[in-house]
Each structure stands twice: as C-alpha cells, then as structure tokens.
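Q: With the input below, show me the fold.
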Amino acid sequence: IVRDIGRHKVVALADRLRAIAGADRVEIEAVPRSIFDREGEEALKGADVIVGGLDTHVARYYLNRFAAQYCVPYFDSGVSIRADETVDFQSRYVAVIPGATACMECSAYTLIDCADVERALMDDVTAACRRSAGYVDGKPEIAAAASAYALNMRATSALVMELQNWICGFRPLATCTMERWRDGHLQDR
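A: Numbers count the residues shown, from 1 in each chain. Purely as a prediction, here's the structure:
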C-alpha cells in the first residue's frame, strides 16, 4: 500500500492487526529495531510468540537459538528462487515449539545455511586466514536475493495458517512444509 512506503514493516503490520482485531482486543507492541539491537532483544524476551519472515540466515539462526533459549514459540517462513539449469521457486514454513518440536538446526531439513552464518559471523582476522588458506569459495556473493510477490505470499500463508492452528488448536500442528513449484512437490511434517 502506498501509504506504507518508507514505514517499518513491523509498524505497518501492527497497525493492520490492530485494525482487524480491534485495538482494545489485542496487545501489539511494534519494536522497529534490529533483532540484534538490545531493545529488540528485550522486546523478544517478553513475547508470547515470534513470527519471522527474514532475509538472512544469520537472523534466522539467531531467532531459532533465541526461541530455544527463552522457550518462546517461533514460526518462520522463507522462499528461494533457484536458477541452476532450470528456474525453480521454493517456499517453506517451519514451527519451532520449544519442548515439543525440533529446532531449525535439529530438523531433518536444511533450514539454515550454516556456512552462510559462519561466513557472516566470522571475524576479519579469521576470514583473512581462511581466504589465504583457500577455504573460501572464489565465487562472488549475490548482494540481494530476488523475491517474488506470489512466492512470498504462499510461504506467508502457510505460516499464518499454522500460527492460527497453533493458537486455536484446530488440528495437530504441521511443524514444517517445503514446496517446490517446478514439480509440484510438497512435503509436510
């Protein structure tokens, strides 16, 4: 929506949720800060649930660890566009319910690119040593991944459906779905 251009996504979402549910019926605190910021971290500690739609594996890794440490349910969705020999659109949703489901690192699926996390968190001295030893791939990094509106909507709809299911207890929670659009493959657990 045009009126949301330039606004933090979390603030726009909070306004919409209040409008849908009624401001007097739901308590929503939007904290337009990085999850790595002290204020963002403090806000997460008091959350009843964490919903992530993140662009980086480092942020996803952090929220996964945070959810496990503070026993806060965490729902996440993600998308990727793969262009190998053919183009494929992939989406996935996962729920991390501490004490009931596997975390993202313990899942049978690869949900976090650990090599990407390691590269991002590596200090400059270690990174230089690894480059000189030949451990870093010579391919240039892609600065910003492409995203597709319909693909993001598909992943988000799976997340919202399971979040509502978890809150209302309609049926057993699906803890992970992975979908490939090219061949119609859908895996659900």
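Q: how about Asp116, phi and psi?
A: The phi/psi pair for Asp116 (degrees, to the nearest 10) reads phi -60, psi -40.
Q: do the same with Asp88
A: Geometry field for Asp88 lists phi and psi as phi -140, psi 140, criterion degrees, to the nearest 10.
Q: from what I can see it touches Arg180, true?
A: Yes. Using C-beta atoms under 8 Å, Asp88 and Arg180 qualify as a contacting pair, with a distance of 5.7 Å. Heads up, the C-betas are built off the backbone N, CA and C, glycines and all.
Q: what are the C-alpha coordinates of stretch 26-46, in PDB please?
A: Output for stretch 26-46, consisting of C-alpha atoms alone and laid out as PDB, is shown next (Å, rounded to 0.1, in the frame of the first residue of the first chain):
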ATOM      1  CA  VAL A  26      -5.300  -7.200  21.200                       C
ATOM      2  CA  GLU A  27      -2.000  -6.000  22.600                       C
ATOM      3  CA  ILE A  28       0.600  -5.500  20.000                       C
ATOM      4  CA  GLU A  29       3.900  -3.800  20.500                       C
ATOM      5  CA  ALA A  30       5.900  -2.900  17.400                       C
ATOM      6  CA  VAL A  31       9.600  -2.500  18.000                       C
ATOM      7  CA  PRO A  32      11.200  -1.200  14.800                       C
ATOM      8  CA  ARG A  33      14.700  -2.300  15.800                       C
ATOM      9  CA  SER A  34      17.100  -4.900  14.600                       C
ATOM     10  CA  ILE A  35      16.800  -8.300  16.400                       C
ATOM     11  CA  PHE A  36      20.400  -7.800  17.300                       C
ATOM     12  CA  ASP A  37      19.800  -4.500  19.000                       C
ATOM     13  CA  ARG A  38      19.400  -4.600  22.800                       C
ATOM     14  CA  GLU A  39      15.900  -3.100  22.700                       C
ATOM     15  CA  GLY A  40      14.800  -5.600  20.100                       C
ATOM     16  CA  GLU A  41      16.200  -8.500  22.100                       C
ATOM     17  CA  GLU A  42      14.500  -7.300  25.300                       C
ATOM     18  CA  ALA A  43      11.100  -7.000  23.400                       C
ATOM     19  CA  LEU A  44      11.500 -10.500  22.200                       C
ATOM     20  CA  LYS A  45      12.100 -11.900  25.700                       C
ATOM     21  CA  GLY A  46       8.600 -10.800  26.700                       C
END
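Q: got the contact list for it?
A: With contact meaning C-beta atoms under 8 Å, 6 or more residues apart in numbering, stretch 26-46 is reached by 8, 10-11, 13-14, 17-18, 50, 59, 62-63, 66, 70, 72.
Q: just stretch 87-95 next, same as before
A: Applying C-beta under 8 Å, 6+ apart, the set of residues contacting stretch 87-95 from outside is 73-82, 101, 104, 107, 109, 111, 148, 151, 154-155, 158-159, 162, 166, 173-183.
Q: Just the buried subset of those, please.
A: The neighbour-count criterion (16 or more other C-beta atoms under 10 Å) marks 73-79, 101, 104, 107, 111, 151, 154-155, 158-159, 162, 166, 173-179, 181 among these as buried.
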